[in-house]
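>>> This is a predicted model, with the sequence first.
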Amino acid sequence: MSEPGAGLAPAWDPSRRAQFLVDTLGNKVLANLLGVAESQPSRWRRSEEVPSAKVAPLLVDLDHVVGRLLLVWDKSVIGDWLLGRNAFLGGARPIDVLAMKGAAQVMEAIEAESAGAYA
């Protein structure tokens, strides 16, 4: 007898989020950004497993941030932006701020850059 809900995707749908991020960033870049093995995003996309409790919040926040970045820049620069030093974040990399503090400060940096502000 299986557990209730076994085999069902969580309500936050990691397969959809992983698919969007892989389509936008590429599997290798996504794995690097999340600090997971390169095979992990593929397994999430196929619903073979779900991200760990440590990685899941970062995946959700990254999905949100990347969606916002696509309104400002071409997808070809998003991975570099997330890994580059950012003046609006005190020289920190957006991906590090995202992992440590969540999306709020990163979203503010995106807004400042898209508005043409200077740090």
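Arrived safely, thanks for sending.
>>> Spatially central, which residue of this structure would that be?
In the chain, the centroid-proximal residue (Cα atoms, centre = their mean) is Leu62; its distance is 2.2 Å.
>>> who touches it in this structure?
By Cβ atoms under 8 Å, 6 or more residues apart in numbering, the residues touching Leu62 are Leu21, Leu33, Leu34, Ile95, Leu98. For the C-beta atoms, the positions are set from N, CA and C on the backbone; glycine is no exception.
>>> secondary structure class for it?
helix (DSSP: H, G, I helix; E, B strand; the rest coil).
>>> Compute the distance between it and Trp81, please.
Here Leu62 is placed at a distance of 12 Å from Trp81 (Cβ to Cβ, to the nearest Å).
>>> next one: Leu21
For Leu21 relative to Trp81 (Cβ to Cβ), the value is 14 Å.
>>> of those two, who's got more company?
Between Leu21 and Trp81, Leu21 has the larger neighbour count (other Cβ atoms under 10 Å), namely 24 against 20.
>>> Just the CA trace of the host helix or strand of that one, in CSV.
Here Leu21 is covered by helix 14-25, with elements defined by DSSP states H and E. Output of helix 14-25 as CSV, limited to C-alpha atoms (Å, rounded to 0.1, in the frame of the first residue of the first chain):
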residue,chain,number,x,y,z
PRO,A,14,8.9,21.9,-9.2
SER,A,15,8.8,20.2,-12.6
ARG,A,16,7.3,23.3,-14.2
ARG,A,17,9.7,25.7,-12.4
ALA,A,18,12.7,23.5,-13.4
GLN,A,19,11.5,23.3,-17.0
PHE,A,20,11.1,27.1,-17.2
LEU,A,21,14.6,27.7,-15.7
VAL,A,22,16.3,25.1,-17.8
ASP,A,23,14.7,26.5,-20.9
THR,A,24,15.9,30.0,-19.9
LEU,A,25,19.3,29.4,-18.4
